[in-house]
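**Q** sequence unknown, structure follows:
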Ligand SMILES: [Zn+2]
């Protein structure tokens with residue numbers, strides 16, 4: 001299959017985490033340490049990044065209960081390495097929200113087994129090395145479990161109309177704001193996920209990190 005698409009990664013990416021992981025990241029030669037990866041996330045098992053610093057900051061603050069444990073890694077992409085890898089890595093890019101995007105997320109969210117060998121994508125179309133696209137913002141709070149259950153039932157019955165019905169209802173919920181307005185796709189935020197732990201680890205360089213100060217606000221700690 002010939003694919004005539006070229007993509008470039010942003011120069012700087014961010015990863016929201018909490019302070020207890022900083023030592024691990026500093027110690028580890030690679031940011032792509034798959035021991036920390038979890039399978040049941042939007043785009044599957046992988047290292048989650050974003051080009052949106054504020055989004056990483058908000059994610060980290062929410063996941064540390066807004067205490068001063070919140071922390072955001074600032075990561076430089078080594079473009080020389082990326083260009084070397086470009087020919088050999090596969091990418092799956094969702095340019096915007098769609099039923100296909102929702103189905104992909106549901107499939108991966110219900111998978112509890114780590115590792116590429118356990119990924120729900122079929123062997124004909126293996127999970128890409130890098131997957132990027134919109135976040136399913138707030139999906140966890142929007143009955144994701146129930147939709148995943150209904151989706152799995154419809155698939156088991158091999159009932160395409162029922163699958164479509166589940167996807168269209170979830171799409172509507174995800175794309176509707178508090179006031180009943182249709183959300184702009186850019187509201188969802190963006191994620192870039194490295195899903196192959198064997199990608200050359202030198203692709204990502206940990207430049208420094210932002211930490212939430214006890215008195216509030218964020219300070220930057222440079223590492224190189
Ligand atoms: Zn997959």
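**A** Thanks, I have the structure now. Keep in mind that what you see is a predicted model, and the values were worked out from it rather than measured.

**Q** got the residues of this structure near the ion?
**A** Residues of the chain lying near the ion by Cβ under 5 Å from the ion: 44, 119, 121, 127. Any C-beta I mention is one placed from the backbone N, CA and C, and that applies to glycine too.

**Q** Which residues are in contact with the last one?
**A** Neighbour list for residue 127: 44, 92, 116, 119, 121, 195 [criterion: Cβ atoms under 8 Å, 6 or more residues apart in numbering].

**Q** again, only this time at 10 Å
**A** 43-46, 90, 92, 104, 108, 116, 119-121, 193, 195-196 (Cβ atoms under 10 Å, 6 or more residues apart in numbering).

**Q** now do the second one
**A** The contact partners of residue 119, by Cβ under 10 Å, 6+ apart, come to 39, 44, 45, 46, 107, 108, 111, 113, 126, 127, 195.

**Q** State the pLDDT value of residue 160.
**A** What the model reports for residue 160 is a pLDDT of 95.

**Q** Residue 154 is in contact with that one, correct?
**A** Yes: counting by Cβ atoms under 10 Å, residue 154 is a contact partner of residue 160 at 8.2 Å.

**Q** These two - which one has more neighbours?
**A** Set side by side, residue 160 and residue 154 show more neighbours around residue 154, with 18 against 10, by other Cβ atoms under 10 Å.

**Q** The protein: strands as residue ranges?
**A** Taking DSSP state E, the strands of the chain run over residues 12-18, 47-49, 70-77, 91-93, 130-134, 190-194, 204-212, 218-222.

**Q** and those as a markdown table, adding mean pLDDT?
**A** Shown next, in a markdown table, are those (pLDDT from 0 to 100):
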| stretch | mean pLDDT |
| --- | --- |
| strand 12-18 | 95 |
| strand 47-49 | 96 |
| strand 70-77 | 95 |
| strand 91-93 | 95 |
| strand 130-134 | 96 |
| strand 190-194 | 96 |
| strand 204-212 | 93 |
| strand 218-222 | 93 |
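
**Q** possible to save those strands as CSV with mean neighbour count?
**A** CSV is the format used below for the strands of the chain (neighbours: other Cβ atoms under 10 Å):
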stretch, mean neighbour count
strand 12-18, 21
strand 47-49, 24
strand 70-77, 22
strand 91-93, 15
strand 130-134, 22
strand 190-194, 22
strand 204-212, 19
strand 218-222, 11
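
**Q** which one of the contacts of residue 127 has the most neighbours?
**A** Highest neighbour count within the contacts of residue 127: residue 46, with 28 neighbours (other Cβ under 10 Å).
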